[in-house]
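Participant: Next input, structure requested:
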Amino acid sequence: MSKQGETKADPDFGPVSHLTRWAEAIKDGTRAAPVERWHPSSCGAIDIRIDRAGAWHHEGRRIEREALVKLFARVLRREADGSFVLVTPAEKLSIRVEDTPFLAVDLDVEPGPPRLLRFLTNLGEVVPLDVAHPLRIADTDDDAFVPYVTVRPGIEARLTRALAESLAHLAEVRDGAVGIESGGHFFVIGRAAAMERLP
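Facilitator: Got it, this is the predicted structure:
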């Protein structure tokens, strides 16, 4: 039992509970922290993994508290070498990401003009498809249509299969290229000769 005035440590995360406190201290819970301005020394790695389905795990156990996952996601950064870290002004911890930290699970289309597509991630972030948040199509062995959208620098969300199909239905052909118009830009996703690649 904790003594009066004593702060109880997070029973699930112990040594990383201070990361939670840092994230909670950042105002505006809807946006990522200014991690690009933080350059602490590395404190090594922590046993946190984001699986291909976008679920977070700590020491082999899934983190069920969505609020805690969102807090960690706010202090997530991708390094120049491609690794992912949780970073605060005071420290930096490496984590493992199987594919990408986020999934894009829904899509809204504002007709415009100009037309603007907005993606909703599995953690509730709204990401416009524009020059600052471009679309990328992965190269796969089976030539499947697997699109990603940039959430913030170095960090992407993979579209779910159902959402990828919805996006494909918005594609059009211009000058022999297949693409998506959004935010005043035409994002090329393939050549007209490869239309059968689309779902």
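
Participant: so what's the residue most central in space within the chain closest to, chain neighbours aside?
Facilitator: Most central in the chain under Cα atoms, centre = their mean is Phe102, positioned 3.3 Å from the mean C-alpha point. Using Cβ to Cβ, 6 or more residues apart in numbering and skipping the chain neighbours, the partner closest in space to Phe102 is Ala157 (3.7 Å). Placement of C-beta: from N, CA and C, glycine included.

Participant: Point me to the helix or strand that includes Leu68.
Facilitator: helix 66-74 (DSSP states H and E).

Participant: Quick check, Ser42 in contact with Ser94.
Facilitator: Yes. Using Cβ atoms under 8 Å, Ser42 makes contact with Ser94 at a distance of 7.2 Å.

Participant: For stretch 144-161, list every residue counted as buried.
Facilitator: 145-152, 155-160 (16 or more other Cβ atoms under 10 Å).

Participant: what mean pLDDT would you report for the helix holding Leu68?
Facilitator: Averaged across helix 66-74, pLDDT comes to 90.

Participant: and it, what does it pack onto?
Facilitator: When contacts are defined as 3 or more Cβ pairs under 8 Å, 6 or more residues apart in numbering; DSSP states H and E, helix 66-74 packs onto helix 17-25.

Participant: State the distance from Val131 to His185.
Facilitator: Using Cβ to Cβ, to the nearest Å, Val131 is found at 5 Å from His185.

Participant: Mind checking which of the two has more residues around it?
Facilitator: A count of neighbours by other Cβ atoms under 10 Å puts His185 above the other of Val131 and His185, at 15 against 12.
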